[in-house]
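Engineer: Next input, structure requested:
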Amino acid sequence: MAGADSPSAALQRRDLCARGIRLAGKMRADVINLLDTYAERQGLDASANVAAVEGLPLAAVEGWDEQTGTQRLLENLAAYRAFRALLAQMLEEHREQLGEADAALGRALAAVLLQVSAFTYHLEELLRLESCGAPSEEEQEEEDGLPPQPHGLFEQKLRGLGVLRELAQWALRSGRDLRQLAKPSPGTGSAPSPAESP
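Structural biologist: From the prediction side, this is the model:
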């Protein structure tokens with residue numbers, strides 16, 4: 001990676017990665033707490049089977065150990081931009097359905113949305129440091145498309161559960177991706193050994 005050439009850039013990258021790992025860990029803990037509350041307040045079984053959410057990349061990926069640092073950052077960025085849009089939709093739906101009747105759940109959703117936005121910005125900073133820049137949101141929306149909203153109330157609730165579950169998985173993967181990126185690499189974007197795969 002271009003940023004790996006300068007010692008100060010490497011130090012800055014390690015610092016950004018360390019802060020990102022802490023952010024991802026806190027976000028995952030908060031999302032796991034929110035999952036239980038969300039399921040209970042929405043009258044859902046927390047272990048219910050939920051289909052993959054359309055428009056949302058899955059955290060599980062084949063060939064994880066072969067990815068470059070830039071690929072990891074770009075995949076994370078695409079996922080968190082999608083999460084930001086989906087969580088904003090969920091928050092709006094929650095306000096329309098319940099208003100102030102369940103303000104605690106609304107506040108918890110808003111807090112997680114704020115963390116996702118902060119993490120998205122953090123990933124953009126890392127990509128700038130890697131000298132490749134982040135794709136604009138307009139480009140990404142054209143490429144990925146915004147996820148369609150579910151029609152029925154029950155479908156909205158189930159999708160919300162699926163979004164939170166996948167966000168918890170992404171927060172875990174992000175921590176692993178950033179640990180990988182923080183390791184000093186002799187070349188540009190060298191792939192880790194399979195033993196270091198999550």
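
Engineer: The nearest residue to Gln115 once chain neighbours are set aside and Asn49, how far apart?
Structural biologist: Distance criterion C-beta to C-beta, 6 or more residues apart in numbering; nearest residue to Gln115, sequence neighbours excluded, is Met27 at 4.6 Å. The C-beta positions use only the backbone N, C-alpha and C, and glycine is treated the same way. Distance check for Met27 against Asn49: by C-beta to C-beta, to the nearest Å, it reads 24 Å.

Engineer: Which one's more surrounded, those two?
Structural biologist: Met27 (26 against 7; other C-beta atoms under 10 Å).

Engineer: Just want the most central residue of this protein.
Structural biologist: Geometric centre of the chain, nearest residue: Tyr80, 3.8 Å, by C-alpha atoms, centre = their mean.

Engineer: Return the residues in contact with that residue.
Structural biologist: Val116, Phe119, Thr120, Leu123, Trp170 (C-beta atoms under 8 Å, 6 or more residues apart in numbering).

Engineer: Can you name the next helix or strand after the helix or strand of the chain with the lowest mean pLDDT?
Structural biologist: The helix or strand of the chain with the poorest confidence is helix 137-144; it has a mean of 52 (mean pLDDT, DSSP states H and E). Once helix 137-144 ends, the next helix or strand along the chain (criterion: DSSP states H and E) is helix 153-182.

Engineer: what about that next one, average pLDDT?
Structural biologist: Confidence for helix 153-182, expressed as mean pLDDT, is 93.

Engineer: Show the pLDDT at the residue nearest to the centre of the chain.
Structural biologist: For Tyr80, the pLDDT comes out at 97.

Engineer: Give me the nearest residue to Gly25, chain neighbours excluded.
Structural biologist: Per C-beta to C-beta, 6+ apart, closest to Gly25 is Gly175, 6.0 Å.

Engineer: Give the residue spans of the protein that score low on pLDDT.
Structural biologist: 1-5, 98-101, 132-151, 185-198 (pLDDT under 70).

Engineer: From the contact counts, what lies against the helix ranked longest in it?
Structural biologist: Counting residues, the longest helix found in the chain (DSSP state H) is helix 7-41. Here helix 7-41 touches helix 103-129, helix 153-182, going by 3 or more C-beta pairs under 8 Å, 6 or more residues apart in numbering; DSSP states H and E.

Engineer: and those, which is most packed in?
Structural biologist: Comparing those by mean neighbour count (mean count of other C-beta atoms under 10 Å), helix 153-182 comes out on top with a mean of 21.

Engineer: could you point out which element follows the longest helix of the chain?
Structural biologist: helix 69-98.

Engineer: tilt between that next one and helix 7-41?
Structural biologist: Between helix 69-98 and helix 7-41, the angle comes out at 30 degrees (axes from the mean of the first three to the mean of the last three C-alpha atoms, to 10 degrees).

Engineer: Only the buried residues of stretch 38-45, if you could.
Structural biologist: Within stretch 38-45, the residues that count as buried by 16 or more other C-beta atoms under 10 Å are Tyr38, Ala39, Arg41, Gln42, Leu44.
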